[in-house]
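A.B. asks: structure for the following, please:
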Amino acid sequence: MPGKLTPGERTFEFCNYLFLVLLSLLTLYPFLYVLFASLSDPSQLYQARGILWKPVGFSFESYMRVFENPMIPKGYLNTLFYVLLGTTLNVFMTALGAYGLSRQGVMWRNAIMFMIVFTMFFQGGLVPLYLLVGDIGLLDNRLALILPTLISAYNLIIMRTAFQGVPAALEESARIDGANDMVILFRVIIPLSLPVMAVMVLFYGVQHWNAWFHALIFLRTRELFPLQLILREILIQNSTDNMLTGVGGGDTQFVSETIKYATIIVATVPILLLYPFLQKYFVKGVMIGAIKE
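C.D. replies: Next up is the predicted model:
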């Protein structure tokens with residue numbers, strides 16, 4: 001009977017599903033542990049041992065103290081600025097570069113692509129980058145987190161591959177109607193490449209949301225710090241003193257630990273909520289270049 005599975009195929013399918021479920025649980029549990037710990041009573045969490053299956057002594061105290069920290073809202077606003085402005089400029093500039101390098105007849109196209117790919121393997125390093133940012137006057141400036149990483153070579157290659165998949169006949173038809181390159185890019189190429197554009201938004205957006213190293217190197221004013229750098233201070237330097245007002249001396253250590261967990265959740269959840277809306281485009285985008293007809 002067509003489509004009927006043999007006992008061996010059923011066994012393999014069962015083992016496959018079981019393995020994937022276990023792998024998913026192993027991947028998901030660290031996040032669940034942090035979530036349960038952040039919602040737990042600090043003193044009871046300190047006494048708990050082993051695996052957490054639920055919050056121990058349910059409490060929102062840690063989240064209340066996190067949002068009382070004046071640097072958390074400020075870090076959120078700074079990160080939103082970097083994500084929105086940075087992602088917009090990243091996608092725009094990457095689209096311009098990918099369009100030029102994807103068109104036939106562009107002078108020295110292969111040589112330019114070679115130089116771009118070369119930067120993926122060999123880079124100048126941190127010290128030359130710091131000197132360059134300083135020489136152009138971007139130290140302790142918001143643009144220091146946006147301009148030096150304006151175009152990713154990897155993302156440029158992905159977008160260029162997608163643009164090459166658009167039939168040349170559409171471009172020729174648009175030129176016959178009098179369209180210039182900018183009209184062709186924004187009214188023909190990009191509307192036909194929405195999956196890869198969504199992938200670029202996801203890639204660049206996550207990159208800006210998680211960025212902390214360049215902020216650590218280039219920024220000195222704390223009012224410019226993104227959320228991830230503030231989170232780093234809380235986790236590594238244990239800077240939770242301004243959140244522990246009114247906490248007894250014996251409970252300070254316990255509350256400090258749950259505040260760290262709550263801060264991780266606060267910094268992680270927004271980007272997790274964004275992914276489901278872009279998932280269908282992400283699956284299409286990562287397949288770009290995998291099949292040629």
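
A.B. asks: show me where the stretch 101-250 of the chain has helices.
C.D. replies: 109-121, 126-135, 153-164, 168-176, 181-184, 194-210, 213-218, 227-236 (DSSP state H, counting those that start in this stretch).

A.B. asks: including distance to residue 74, mean neighbour count and mean pLDDT, could those go into JSON lines?
C.D. replies: For glycine as for every other residue, the C-beta is placed from the backbone atoms N, C-alpha and C. JSON lines is the format used below for those (distance: least, C-beta to C-beta, whole Å; neighbours: other C-beta atoms under 10 Å; pLDDT from 0 to 100):
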{"stretch": "helix 109-121", "distance to residue 74": "34", "mean neighbour count": "12", "mean pLDDT": "87"}
{"stretch": "helix 126-135", "distance to residue 74": "23", "mean neighbour count": "12", "mean pLDDT": "89"}
{"stretch": "helix 153-164", "distance to residue 74": "29", "mean neighbour count": "20", "mean pLDDT": "89"}
{"stretch": "helix 168-176", "distance to residue 74": "46", "mean neighbour count": "12", "mean pLDDT": "85"}
{"stretch": "helix 181-184", "distance to residue 74": "38", "mean neighbour count": "14", "mean pLDDT": "87"}
{"stretch": "helix 194-210", "distance to residue 74": "16", "mean neighbour count": "20", "mean pLDDT": "87"}
{"stretch": "helix 213-218", "distance to residue 74": "13", "mean neighbour count": "17", "mean pLDDT": "90"}
{"stretch": "helix 227-236", "distance to residue 74": "8", "mean neighbour count": "20", "mean pLDDT": "80"}
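
A.B. asks: dump these to TSV, plus distance to residue 144.
C.D. replies: Formatted as TSV, these follow (distance: least, C-beta to C-beta, whole Å):
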stretch	distance to residue 144
helix 109-121	19
helix 126-135	5
helix 153-164	20
helix 168-176	37
helix 181-184	29
helix 194-210	13
helix 213-218	4
helix 227-236	13
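
A.B. asks: check contacts around the residue nearest to the spatial centre of the chain.
C.D. replies: Computing the C-alpha centroid of the chain and ranking residues by C-alpha atoms, centre = their mean puts residue 206 first, at 1.3 Å. Counting by C-beta atoms under 8 Å, 6 or more residues apart in numbering, residue 206 touches residue 271.

A.B. asks: gap between it and residue 87?
C.D. replies: The spacing between residue 206 and residue 87, counted by C-beta to C-beta, to the nearest Å, is 9 Å.
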